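Student: return atomic coordinates for the entry below.
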Amino acid sequence: MVGLGMMMVAVSGMIAAGWLLRGRRLSHPRRILVASAAVSLLTVFLGGALVVLSATGAWAAEGGAPNPAAGWAFLGASLSTGLACIGAGVAVGGVGAAALGVVSEKPDMLGMTLIYLGLAEGIAIYGVIISLLVLGRV
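Tutor: Numbering: from 1, shown residues only. Presented below is the predicted three-dimensional model:
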């Protein structure tokens with residue numbers, strides 16, 4: 001629960017910073033982007049560490065047998081899903097841009113480009129399947 005609270009505070013802070021900086025001319029926009037990404041990643045890793053450290057206590061509080069590996073399983077499942085979805089987003093971005101260019105020149109190639117987009121989306125599905133397999137063992 002503490003990790004979720006940390007993530008909510010970080011997201012709220014990023015939204016507030018964006019709202020305060022709107023309409024201003026920024027001298028170093030890349031530095032601001034890198035700093036906000038670093039803060040977000042740090043918050044995600046700290047939240048993940050809190051989940052790993054507190055998962056054993058949550059199992060014991062519910063009356064089940066404490067499983068020291070449960071926290072690592074939750075972290076592994078979330079990483080497999082999250083990283084697979086990021087990879088699928090990158091793949092769909094590149095394939096979608098190329099597919100749009102091809103379809104604008106040859107409209108009869110629409111079916112072929114949809115197949116490639118579906119293959120790129122399959123990466124996210126593989127990540128979800130792996131996380132379900134991991135959570136099934138906990």
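
Student: what secondary structure does the closest residue to V102 other than its chain neighbours sit in?
Tutor: With CB to CB, 6 or more residues apart in numbering as the criterion, V102 has its nearest non-adjacent residue at 5.2 Å, and that residue is M109. For the C-beta atoms, the positions are set from N, CA and C on the backbone; glycine is no exception. Following DSSP: H, G, I helix; E, B strand; the rest coil, the label given to M109 is helix.

Student: distance of the residue minimising distance to the centre of the chain from G93?
Tutor: By CA atoms, centre = their mean, the chain has its centre lying nearest to G82, at 3.6 Å. Distance of G82 to G93, given as CB to CB, to the nearest Å: 17 Å.

Student: what does S27 give?
Tutor: Distance from S27 to G93, by CB to CB: 29 Å.

Student: looking at the two, which is more packed in?
Tutor: Neighbour totals were compared for S27 and G93, and G93 leads with 11 against 7 (other CB atoms under 10 Å).

Student: for the residue nearest to the centre of the chain, give me its contacts.
Tutor: G127 (CB atoms under 8 Å, 6 or more residues apart in numbering).

Student: which strand or helix spans it?
Tutor: In the assignment (DSSP states H and E), G82 maps to helix 70-105.

Student: check S12 too.
Tutor: S12 is part of helix 2-21 when elements are defined by DSSP H and E.

Student: run the chain-centre distance for that helix.
Tutor: Centroid displacement of helix 2-21 relative to its chain, using CA atoms, centre = their mean, to the nearest Å, is 16 Å.

Student: ok, residues contacting that helix?
Tutor: Contacts for helix 2-21 (CB under 8 Å, 6+ apart): 32, 36, 39-40, 43-44, 46-48, 50-51, 54.
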